[in-house]
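>>> when you get a sec, could you give me coordinates for this:
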Amino acid sequence: MGLVLAEEEELRRAVELAHLIVREAERSISWRAQRVLLELILNRGACRGKPMRTKKRTGAMPPIVTVIIIVASVVAAALAAYFIYTTSARGTRQVMLTVVGQPTLYAVNQTAVELRVTFKNDGTADVDLKNSIISVQNKTKVAITFNFAGPATSGATTSYGSCSSSGCKLAPGDSIAVRYTASATLDSFPDGAMATLQTIDGYQTSFAVAKP
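Numbers count the residues shown, from 1 in each chain. Next comes the predicted model:
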């Protein structure tokens, strides 16, 4: 999101600059300087030692102003087209993980808790669950971090092959049951506690977890 906002701000500034150039050109703020420059170019050019004569046109727009307006308009249009293209291209490839079934917390022992959840990639881009974490709120509203521990069943595979704690990439349409573990007690979590998944790529999704 921050990247998109940064690109929008850059586009806005560029378009404003182009519009400013057009306004300054139309108002001819530096008209005196432009007139001197035009006289030097047109009337002081040495062509066999004879000055070039120009015909004054009352109310006509100087050529240099016309060029500036055209260039500024083209730049603004090009920037707008590029922004629309990149935004559309990025928007067509998105991660969208949905939770299948009911995520559940289990007591591994007196000091460890395991969260089992099934994710499905309903988006259009790949997502890797490697090094992802899930933050679950305990009864005192403190977020407890659960670390990715691999598939819920050994030998589980996705379109990219086996899923393990070292890598578990889901292609669009893939689904898999995975485990997350944390150092805590099962009694410290309420039934229906809120949880938030965060991948190493920055994708986030929230859901509620249950207790057996």
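>>> just the element for residue 70, please.
helix 63-91 (DSSP states H and E).
>>> state the mean pLDDT of that helix.
Averaged over helix 63-91, pLDDT sits at 65.
>>> looks like residue 177 contacts residue 104 (just checking).
No - in this structure, residue 177 is not within contact of residue 104 by CB atoms under 8 Å, at 10.8 Å. Yep, even glycine has a C-beta here, placed from its N, CA and C like the rest.
>>> got any residues that touch both of those two?
116, 117 (CB atoms under 8 Å, 6 or more residues apart in numbering).
>>> more neighbours: which of these two?
More neighbours surround residue 177 than the other of residue 177 and residue 104, with 16 against 13 (other CB atoms under 10 Å).
>>> for that one, which non-adjacent residue is spatially closest?
residue 152 (3.8 Å; CB to CB, 6 or more residues apart in numbering).
>>> residue 99 now?
Of all residues not flanking residue 99 in the chain, residue 207 sits nearest, at 4.7 Å (CB to CB, 6+ apart).
>>> what's that neighbour in contact with, if anything?
Per CB under 8 Å, 6+ apart, neighbours of residue 207: 99, 103, 117, 194, 195, 197.
>>> ends of stretch 131-140, what's the gap?
Chord length of stretch 131-140, first to last residue, is 26 Å (CA to CA, to the nearest Å).
>>> quickly list what residue 106 is bridged to.
residue 114 (DSSP bridges).
>>> roughly how far does it sit from residue 130?
For residue 106, the distance to residue 130 (CB to CB, to the nearest Å) stands at 22 Å.
>>> same check, this time on residue 110
From residue 110 to residue 130 the distance is 29 Å (CB to CB).
>>> have a look at those two and say which one is more surrounded.
residue 130 (16 against 7).
>>> so the more buried one makes contact with residue 201?
No - look at residue 130 against residue 201 with CB under 8 Å: they stay out of range, at 10.2 Å.
>>> now the strands for the chain?
Here the chain has its strands, by DSSP state E, at 97-107, 112-121, 127-128, 133-137, 143-151, 157-158, 161-162, 169-170, 175-183, 193-198, 204-209.
>>> adding mean pLDDT, write those strands out as TSV.
As requested, these are exported to TSV (pLDDT from 0 to 100):
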stretch	mean pLDDT
strand 97-107	96
strand 112-121	97
strand 127-128	93
strand 133-137	97
strand 143-151	97
strand 157-158	94
strand 161-162	92
strand 169-170	94
strand 175-183	97
strand 193-198	97
strand 204-209	96
